[in-house]
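I'd like to go over a predicted model; first the sequence, then the structure.
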Amino acid sequence: MKLAVKRRYAGPMGRDVLLGGLTATAVFGVFGFAPTEESMGEVQKIVYIHVPVAWFSLLALGVMAGAGLAYLARRDLRWDAWAEAAGETGWLCSTLTLLTGSLWAHEAWGTWWTWDPRLTSMFVLWMIYSGCLIVRGSLEDRHRRARAGSVLAVVGVVDLPLVVMATRWFRGIHPASPEMEPAMHVVLLLTVATFTALMFTVLARRYRQIGLERRLAELEDRLVAESG
């Protein structure tokens, strides 16, 4: 029994230690290894947050749409739990993308916001996530909520190539890729990898939490039905 408990918690604890070490390495890379950019100074280091959160906001949309398709095909609410978890983490990351992007834009372009194609398509992505959260919060029936959220996610995935290719398809002031020294590129890749691992962990734990919340709600409904 004790051995089983140890095995059960050894895996998550080991992953947490690994994530902690990876995060500490990334933080050191940003503030202790990556050189300071000459024109923007320390403000340029926002890019080490902005790019990772932007990347995962796109990745989460793919997960949400894929899980939504799986739910529509199988009507299995476990897939909907994945879609809901991805939608929440995607909303968080897209919000951070817009906030950090505004801070960077104010220093680089002298304005907090401009309707640049990349910024506009990212704002549309944030609206898609927000719409999914609002729809899910407004419907009580589990399957109606799952169907509506899944359809929105599948339709919303159309925005994915627009965000990725905006700087190539349309004229704008957002750079296609930031000009960096080799050391900066190394640190940027490290922060992207770290944040991806961190957010996938958050997503998976949120999925399990949603499953527990739904099972608890089902038990409460049964108790109410039996007592009535």
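Arrived safely. Residues are numbered from 1 along each chain as shown.

now this protein, which segments are flagged as low pLDDT?
1-11, 172-173, 176-178, 228 (pLDDT under 70).

If you count neighbours, what's buried in whichever strand or helix holds residue 105?
Element membership of residue 105, judged by DSSP states H and E, is helix 77-108. Of all the residues in helix 77-108, those buried under the rule 16 or more other Cβ atoms under 10 Å are 77, 79-94, 96-98, 100-102, 104-105, 108. C-beta: built from backbone N, CA, C; applies to glycine.

Let me know the next secondary structure element after that helix.
helix 117-138.

between that next one and helix 77-108, how big is the angle?
140 degrees (axes from the mean of the first three to the mean of the last three Cα atoms, to 10 degrees).

Make 423 the first number, not 1, from now on.
Yep, numbering from 423; the last one is helix 539-560 now.

counting contacts, what elements does the helix or strand harbouring residue 625 pack onto?
Residue 625 is located in helix 604-649, with elements delineated by DSSP H and E. The elements that helix 604-649 packs onto, with contact taken as 3 or more Cβ pairs under 8 Å, 6 or more residues apart in numbering; DSSP states H and E, are helix 424-450, helix 469-496, helix 499-530.

mind checking how far the longest one is from the chain centre?
Offset of helix 499-530 from its chain centre (Cα atoms, centre = their mean, to the nearest Å): 5 Å.

and what of stretch 597-608?
On Cα atoms, centre = their mean, the centre of stretch 597-608 falls 22 Å from the chain's centre.

hmm, who's touching that stretch?
451, 455, 456, 457, 459, 469, 473, 589, 590, 610 (Cβ atoms under 8 Å, 6 or more residues apart in numbering).

Would you report the backbone torsion angles of the fourth one?
Backbone torsions of residue 457, given as degrees, to the nearest 10, read phi -70, psi 160.

So what's the residue count around the residue nearest to residue 490 when sequence neighbours are not counted?
Excluding the flanking residues, the one nearest residue 490 by Cβ to Cβ, 6 or more residues apart in numbering is residue 572, at 3.3 Å. Per other Cβ atoms under 10 Å, the neighbour tally for residue 572 reads 23.

Now for the most centrally placed residue in the chain: which residues touch it?
For the chain, the residue nearest the mean C-alpha position is residue 512 (3.3 Å; Cα atoms, centre = their mean). For residue 512, the contact set (Cβ under 8 Å, 6+ apart) comprises 478, 479, 482, 483, 485, 486, 551.

make it 10 Å
Taking Cβ atoms under 10 Å, 6 or more residues apart in numbering as the contact definition, residue 512 lies against 478-486, 547-548, 550-551, 554-555, 575, 578, 621, 625.

Report the separation between it and residue 581.
From residue 512 over to residue 581 the distance is 12 Å, taken as Cβ to Cβ, to the nearest Å.

Equivalent analysis for residue 443, please.
35 Å.

Counting neighbours, go ahead and name the busier of the two.
residue 581 (19 against 11).

what's the more buried one sitting at in phi/psi?
According to degrees, to the nearest 10, residue 581 has phi -70, psi -20.

Kindly report the same for residue 459.
Dihedral angles (degrees, to the nearest 10) for residue 459: phi -70, psi 140.
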